[in-house]
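J.: Fold the following.
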Amino acid sequence: MIVAGEASGDMRAAGLACALKELDPSLRLTGIGGKYMKETGVECFTDITELAVIGIAEVVKNLGRIKKVFDQTLKEIDRSPPDCVILVDYPGFNLRLAREIKKRGVKIIYYISPQVWAWRENRVKQIKTLVDRMIVLFPFEKDIYAKYGMEVDYVGHPLVDEITVNQDQTEVLKSIGLSAGKTTIGLMPGSRTKEVERHLPCMLQAAQILFKQNKERQFILLKAPTIPLKLIESFQLCHSRLSPRHSRLLHCHSRESGNPGPFPLKIYNGPIYDGINAMDAVIVASGTATLECALLKKPMVIIYKTSWLTYAIAKSVIKIPYIGLVNIVAGKKIVEELLQNDATALRLSDALEAALHNPHIVDELTAVKTSLGEGGASLRAARIILKEIKISNLQA
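T.: Numbering: from 1, shown residues only. Sure thing, here's the model as predicted:
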């Protein structure tokens, strides 16, 4: 059984599922996932959209829905006990689930570590009591778990293999009615509904400013598979389709954005990496997407807005200076991060302008790519998991 709770986990889990099936076609894979896991043949009894919430306030509002999925997962384990449960990231849900699975004597492997290096490293002590084996994506994570005497394997990052581009920039731009001769700026507001609602209005305002400064610019709004197209369209700044409500939204910072007017913006709903590759620079929500942009060497500005309760608590406990994975992996600030009130249209546009003209940014992003390891991460993880299951079955 594989349990993923959000879009990036779904993609990583799908790559792992493919590798497991490649090594042992007789495996039956079940779990919680989304589009990508289902496409690889995982029998998903619940869709990740049931779990795709982030932040304390958001979780509280959705506790009933989350508990329903939690109980359903345990019923599935009781009904048909798996040889192994693979928990993919999403620690708020998965570590609680691990406690109940442990009582049932089922082997637990954790793939993609909770961010213990960002806050509450002492959680490793708890994880050690619940998890039989940890598989991590970053080399510094192995050192943390090894320090506590835990069985841990570093396999590298599966994104190195996953990121493939099938259509070049010109083909993608032509397919959505944009010009190959203009600077293309991407907007990636996130893979959760609340992220889109919080990020997209100021992204659109920033795009207005950038277009006003240079009319040889155009914009791609990349839609995550977990986000309904109708939600994106409801925010899209697109000539006569702009609703009175969103017109007011876009006017609210009139000193920053000037008078709203039409500019070349297209929603892209195709393969994610083809879409990112078509961009010359991007404003992107913090998360795995920052690494995806880094691997494709796209200058970026990171944005994140959450509820004030979540932000206040996170600010008090997070012990690292950056939140963007691309900066964390680099070990220094190579791209701008704008959070909460700092994420205004004017500051986003200024930061994006600076990124476009930074002569060193591509070299910095290349170094990040190198630090993510060689290809074959999913296959290495799959071999470890199958070996662990085999040992467990022999002991039984």
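J.: My understanding was that Q205 contacts A345; is that so?
T.: Yes - judged on C-beta atoms under 8 Å, Q205 makes contact with A345 at a distance of 3.4 Å. In this view, the C-beta of every residue, glycine as well, is placed from N, C-alpha and C.
J.: Those two: who's more crowded?
T.: The residue with more neighbours, out of Q205 and A345, is Q205; 26 against 23, by other C-beta atoms under 10 Å.
J.: in whatever helix or strand the more buried one lives in, what counts as buried?
T.: Per DSSP states H and E, Q205 falls inside helix 193-213. Neighbour counts over helix 193-213 (16 or more other C-beta atoms under 10 Å) mark 193-196, 198-211 as buried.
J.: same thing with stretch 85-92?
T.: Here stretch 85-92 shows 85-91 as buried, counting by 16+ other C-beta under 10 Å.
J.: What is the nearest of those to S8?
T.: D89 (7.5 Å; C-beta to C-beta).
J.: Would you mind measuring from that closest one to R65?
T.: To R65, D89 is 19 Å away according to C-beta to C-beta, to the nearest Å.
J.: on that earlier part again, quick one: list the elements packing against the helix holding Q205.
T.: strand 183-188, strand 217-222, helix 229-235, helix 244-251, helix 254-257, strand 281-285, strand 300-304, helix 345-356 (3 or more C-beta pairs under 8 Å, 6 or more residues apart in numbering; DSSP states H and E).
J.: a markdown table for the ones you listed, including mean pLDDT and distance to P321?
T.: Shown next, in a markdown table, are the helices and strands packed on helix 193-213 (pLDDT from 0 to 100; distance: least, C-beta to C-beta, whole Å):
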| stretch | mean pLDDT | distance to P321 |
| --- | --- | --- |
| strand 183-188 | 98 | 23 |
| strand 217-222 | 96 | 28 |
| helix 229-235 | 83 | 32 |
| helix 244-251 | 37 | 32 |
| helix 254-257 | 35 | 27 |
| strand 281-285 | 98 | 19 |
| strand 300-304 | 97 | 13 |
| helix 345-356 | 97 | 17 |
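J.: Format these as CSV; extra columns: distance to Y311.
T.: As requested, the helices and strands packed on helix 193-213 are exported to CSV (distance: least, C-beta to C-beta, whole Å):
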stretch, distance to Y311
strand 183-188, 20
strand 217-222, 25
helix 229-235, 22
helix 244-251, 21
helix 254-257, 22
strand 281-285, 14
strand 300-304, 9
helix 345-356, 17
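J.: Which one of the ones you listed lies nearest to Y145?
T.: Closest among those, once you apply C-beta to C-beta, is strand 300-304, at 26.6 Å.
J.: The closest one to helix 345-356, inter-axis angle?
T.: 150 degrees (axes from the mean of the first three to the mean of the last three C-alpha atoms, to 10 degrees).
J.: The closest residue to A367 other than its chain neighbours: neighbouring residues, count only.
T.: The shortest distance from A367 to any non-neighbouring residue, by C-beta to C-beta, 6 or more residues apart in numbering, is to A330 (6.8 Å). Around A330 there are 18 other residues, counting by other C-beta under 10 Å.
J.: Would you check that A330 makes contact with T366?
T.: No - counting by C-beta under 8 Å, T366 is not a contact partner of A330; they are 10.8 Å apart.
J.: neighbouring contacts of stretch 136-156?
T.: Stretch 136-156 has contacts (C-beta atoms under 8 Å, 6 or more residues apart in numbering) with 112-113, 116-117, 121, 124-125, 127-128, 131-135, 157-158, 329, 372-378, 380-381, 384.
J.: For stretch 212-231, what is the spacing between the initial and final residues?
T.: End-to-end distance for stretch 212-231, by C-alpha to C-alpha, to the nearest Å: 26 Å.
J.: hang on, the earlier thing: just checking the distance from the helix holding Q205 to the centre of its chain.
T.: Centre-to-centre, helix 193-213 and its host chain are 19 Å apart (C-alpha atoms, centre = their mean, to the nearest Å).
J.: do stretch 356-376 as well
T.: Distance, centroid of stretch 356-376 to centroid of chain: 18 Å (C-alpha atoms, centre = their mean).
J.: Let me see the residues that make contact with it.
T.: Contact partners of stretch 356-376, identified using C-beta under 8 Å, 6+ apart, comprise 137-139, 155-157, 159-161, 183, 280-281, 291, 294-295, 297-299, 326, 329-330, 334-335, 355.
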